[in-house]
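dropping the sequence and predicted coords here.
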Amino acid sequence: MSMLFKIAWRNIWRSKLRSVVVIFAIAFGLVGGLGASAWMNGMAKQRVKNSFDYQIANIQLHNPNFALNLDVKKTIDSVNQKIAAIKKMNGIKAVTKRLKVSGMASTANKNLGVTIIGVNPKSEREVFSLYKTIDSVSGNFFETETKNGIVISKALAKKLKVKLHSKIVLTFQDFNGELTGAAYKIIGLFKTSDSNWDKSNVFVRNNNFRKVLGVPANEYHEIDITLNDYKQAPIISKIIQQKFPKVLSEDWAQIDPYTSLLNNVMGVMMGVFMMIILAALGFGIVNTMLMVILERTKEIGMLMAIGLNKKKLFIVIMLETIFLSLVGAIVGELISMLLIRYFGVVGIDLSSMQQGLESVGYSAITYPTLEFIRYIQITIMVIITGILASIYPALKALKLNPAEAIRTV
Amino acid sequence: MSVIKISNLTKIYNKTQVPVHAVNGINLTFEEGEFVAIVGPSGCGKTTFMNMIGGLEEPTSGSVEINETNISALTSNQRINFRLQNIGFIFQSYNLIPVLTSKENVAFIMQLQNKPKNEIEERTTQLLQSVGLGNKINSKPNQMSGGEQQRVAVARALASKPKFVLADEPTANLDSKATTQLLDIMKKLNEEENMTFIFTTHDQRVVDKARRIITLEDGKVISDQIIS
């Protein structure tokens, strides 16, 4: 068997130019496929991460009827006790509580519908990273005790034509169903990569907001939980649901199906994408191997004559095809690894399309990333392609009549 | 004892409108240790006859029995395995595996036979030395002359310890010095290993070394001469 491996491997290098052309065709095909996959994967990962870091955390708890229309009366009671119990569970990283109502943000220039989120700044920072998106000249995320301070996005500020330290008025329905409102001073301007979300969410302190809203003490609209491993969210969410049957516990995939879709479908998409590339390369490999069989007809005849049986002949041709494909795959994967690592650090800057990308929640600068397992999967796919591509040429070789093949010039 | 028994062997090619009788009812036997030359003009059916003895072509009718096995009745894969165990081949254009060294070319056959590693090593070295190529064991075919390549082919043909060796025009591409060397080696191996050699040839020097000369014409044996 070792001699068959030796013959197959050495056969690749008999026609160096042809083999190098095939190897680089495979390599560049894979660079294209892996590069594009890493880019898409990076975009999706950033989108998912942004969603966790700024918008939905990993698990959310609500009153089961709250989600329908953000009804201010549909609160969760005994929130502090619930949070204390949740914090004791395994896998919990941080927990925060929020008040959340729909309202209107008004300035002298404009009125816009927004979701007003009352936060506890300390625990909010432990769960969400929105504070990190506020640069040094854009204020802060409730680091100072400013009465009636509000944090809004730069995008909303631009729309409302206000700036840091400007005042805006929030109008909303209180706990008793009365329309109420308060004036707030902008103390921070954040900016995430999702401009639509930015424009529709404003943040105020829980303690000030509760007074105006009239929500009873220890009642909140939302509990947000971040986990040590987001993949554990479905399991932990179920446990929480069993523990607190009167509240609705949802993991991130239930809260934001689009994020879930991105997370799940990306692997399948990359797989399909690579299969299409490999199928195209496969036809090239078949063509090359047919040429090889044609060129080596005499030699194949001789091998059959001296006693190489059909199974072993098939193995030699298959091994040669696999080796050829594998060398191309290794070259392609190495180049891809270097490129992905480089662009994973410096990023791919699509600032020219920033507006469009951010309107659908993607960052203008993407950092391509590809898990190591993908390289292993691709290598396996290339080996399978090699095996499949060898079948037709090998069958052609097996059909040769040794006596006629030997007579070939 | 007859190594090969050929009965009424016929091969008709129907590829053209007029059928061609390449081999026409040949009856022959070959004994162990014979050194046989098959001669005759071009197109007389020598190569077809050899191919059928070697199981490379199926006869239209008749049979080839090697050690009482009718090779015409074997399947294609069985014939390949039968050739591996029983027949050594030497081709006109050497037909070595170009990516293997001379040592690997000789060892390859024994590896196909699943012989033990030490036996392969020992026999490969011994065979290459006996054909005068002890110093070329690591040379690839393109690094050797035609005569040297053909000597490797002889060593390869004998590596499997076959019942007999078929050589189709083994000296056709060799100069006179290489031809003499090759014939001496074949003759020596024939005598030392009691190996049956059957070869087709146009070369009078080869014919002169043969102890039996079979002449074919139009696919028939027209003479079968034992040289004393």
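Perfect, thanks for sending it.

centre of the chain to stretch A:175-189, how far?
When C-alpha coordinates are averaged (Cα atoms, centre = their mean, to the nearest Å), stretch A:175-189 and its chain have centres 36 Å apart.

give me the mean pLDDT for it.
For stretch A:175-189, mean pLDDT is 92.

ok, stretch A:252-259 next?
85.

what is the neighbour count of the nearest residue to A:Ile378 once chain neighbours are set aside?
Using Cβ to Cβ, 6 or more residues apart in numbering or on different chains and skipping the chain neighbours, the partner closest in space to A:Ile378 is A:Met274 (6.1 Å). Where you see a C-beta, it was placed from the backbone N, CA and C, and this is true even at glycine. Neighbours of A:Met274 under the rule other Cβ atoms under 10 Å in any protein chain shown: 22.

the helix or strand hosting B:Asn51 packs against which elements?
Using DSSP states H and E, B:Asn51 falls within helix B:46-53. On a contact count with 3 or more Cβ pairs under 8 Å, 6 or more residues apart in numbering or on different chains; DSSP states H and E, helix B:46-53 meets strand B:2-13, strand B:20-31, strand B:35-39, strand B:164-168, strand B:196-200.

do that again at 7 Å, thanks
strand B:2-13, strand B:20-31, strand B:164-168, strand B:196-200 (3 or more Cβ pairs under 7 Å, 6 or more residues apart in numbering or on different chains; DSSP states H and E).

could you identify the helix or strand that succeeds that helix?
strand B:61-66.

and the contacts of that following strand?
For strand B:61-66, contacts defined as Cβ atoms under 7 Å, 6 or more residues apart in numbering or on different chains pick out B:3-10, B:25, B:52-53, B:70-72, B:86, B:163.

give the closest residue to the residue in the stretch 251-400 of chain A positioned nearest to chain B in space, chain neighbours not counted.
Minimum separation of the stretch 251-400 of chain A from chain B (Cβ to the nearest Cβ) falls at A:Gly307, amounting to 2.7 Å. For A:Gly307, ignoring the flanking residues on the chain, the nearest one in space by Cβ to Cβ, 6+ apart is B:Leu84 at 2.7 Å.

ok, the one you found - contacts?
Neighbours of B:Leu84 in contact, by Cβ under 7 Å, 6+ apart: A:307, B:112-113, B:160.

right, and chain A sits closest to which residue of chain B?
B:Leu84 (2.7 Å).

that residue: what secondary structure?
B:Leu84 falls in the helix class when you classify it by DSSP: H, G, I helix; E, B strand; the rest coil.

and it, how far from A:His165?
93 Å (Cβ to Cβ, to the nearest Å).

over to A:Leu350?
The separation that A:Leu350 has from A:His165, given Cβ to Cβ, amounts to 33 Å.

more crowded one of those two?
Set A:Leu350 next to A:His165 and count neighbours by other Cβ under 10 Å: A:Leu350 wins out with 15 against 10.

how about that one: what's its closest non-neighbour residue?
Here the residue nearest A:Leu350, using Cβ to Cβ, 6+ apart, is A:Ala364, at 5.3 Å.

ok, whichever residue of the stretch 101-250 of chain A sits closest to chain B - how many residues close by?
Using Cβ to the nearest Cβ, the single residue of the stretch 101-250 of chain A nearest to chain B is A:Lys231, 49.8 Å away. The number of residues packed near A:Lys231 is 10, by other Cβ under 10 Å.

same check on the one 4 residues further on?
A:Ile235 sits with 12 neighbouring residues when counted by other Cβ under 10 Å.

before we move on, what SS does it have?
Under three-state DSSP, A:Ile235 comes out as helix.

list, one by one, the residues from chain B near chain A.
B:51, B:54, B:56-57, B:77, B:80-81, B:83-84, B:89, B:91, B:95, B:97, B:99-100, B:104, B:108-109, B:111-112 (Cβ under 7 Å from any Cβ of the partner chain).

that older thread, buried ones among the contacts of B:Leu84?
Burial by neighbour count, 16 or more other Cβ atoms under 10 Å in any protein chain shown: within those this picks out A:307, B:112-113, B:160.

among the residues you listed, which one sits closest to A:Lys82?
Using Cβ to Cβ, B:Leu112 comes nearest to A:Lys82 of these, at 74.8 Å.

tell me the buried residues in the worst-scoring helix or strand of chain B on mean pLDDT?
Least confident element among the helices and strands of chain B, by mean pLDDT, DSSP states H and E: helix B:176-192 (a mean of 85). Going by neighbour count (16+ other Cβ under 10 Å), the buried part of helix B:176-192 is B:178-179, B:181-183, B:185-186, B:189-190.

next, the buried residues of the helix or strand harbouring A:Ser37.
Assigned by DSSP H and E, A:Ser37 falls within helix A:16-50. Residues A:19-20, A:22-23, A:25-31, A:33-35, A:37-48, A:50 are the ones in helix A:16-50 that count as buried (16+ other Cβ under 10 Å).

for the helix or strand following it, name the packing helices and strands.
Scanning forward in sequence from helix A:16-50 by DSSP H and E, the next helix or strand is strand A:59-62. Applying 3+ Cβ pairs under 7 Å, 6+ apart, we find strand A:59-62 packed against strand A:222-227, helix A:233-243, strand A:248-251.

which outside residues touch strand A:59-62?
So strand A:59-62 is in contact with A:76, A:221-225, A:233, A:236-237, A:240, A:247-251, A:255, going by Cβ under 7 Å, 6+ apart.

in its sheet, what does it sit against?
The pairing partners recorded for strand A:59-62 under DSSP bridges are strand A:222-227 (antiparallel), strand A:248-251 (antiparallel).

what does the helix holding B:Asn51 rub up against?
Applying Cβ under 7 Å, 6+ apart, the contact partners of helix B:46-53 are A:403, B:4, B:9, B:11, B:22-23, B:26, B:38, B:40, B:57, B:59, B:64, B:166, B:168, B:198, B:200, B:216.

circling back: turn the helices and strands packed on helix B:46-53 into CSV, columns for distance to A:Asn176 and mean neighbour count.
Listed next are those as CSV, based on distance: least, Cβ to Cβ, whole Å; neighbours: other Cβ atoms under 10 Å in any protein chain shown:
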stretch, distance to A:Asn176, mean neighbour count
strand B:2-13, 106, 18
strand B:20-31, 110, 18
strand B:164-168, 108, 24
strand B:196-200, 113, 25
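
closest to A:Tyr131 out of those?
Of all these, strand B:164-168 comes closest under Cβ to Cβ, at 87.3 Å.

that older thread, which ones among the contacts of B:Leu84 map onto helices?
Under the assignment DSSP state H, those contribute B:Leu112 to helices.

which of the contacts of strand A:59-62 sits closest to A:Leu338?
For the contacts of strand A:59-62, the nearest to A:Leu338 is A:Ala233 (34.3 Å; Cβ to Cβ).

which residues touch the closest one?
A:58-59, A:227, A:251-252.

which of the residues you listed count as buried?
Among these, the ones that count as buried by 16+ other Cβ under 10 Å are A:58-59, A:227, A:251-252.

and those as a markdown table, adding distance to A:Asn287?
Below are these laid out as a markdown table (distance: Cβ to Cβ, whole Å):
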| residue | distance to A:Asn287 |
| --- | --- |
| A:Asn58 | 50 |
| A:Ile59 | 53 |
| A:Leu227 | 51 |
| A:Asp251 | 49 |
| A:Trp252 | 47 |
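
closest to B:Glu119 among the residues you listed?
Lowest distance from B:Glu119 to the buried ones among the contacts of A:Ala233 (Cβ to Cβ) belongs to A:Leu227, with 64.7 Å.

could you list the low-confidence segments of the stretch 101-250 of chain A?
Within the stretch 101-250 of chain A, no range satisfies pLDDT under 70.

doesn't B:Gln78 fall inside a helix?
Yes - counting by three-state DSSP, B:Gln78 is located in a helix.

check what pLDDT it gets.
As predicted, B:Gln78 sits at a pLDDT of 91.

which ones are touching the most centrally placed residue in chain B?
The centre of chain B sits closest to B:Leu166, judged by Cα atoms, centre = their mean, with a distance of 1.4 Å. B:Leu166 makes contacts with B:50, B:53-54, B:87, B:89, B:198, as judged by Cβ under 7 Å, 6+ apart.
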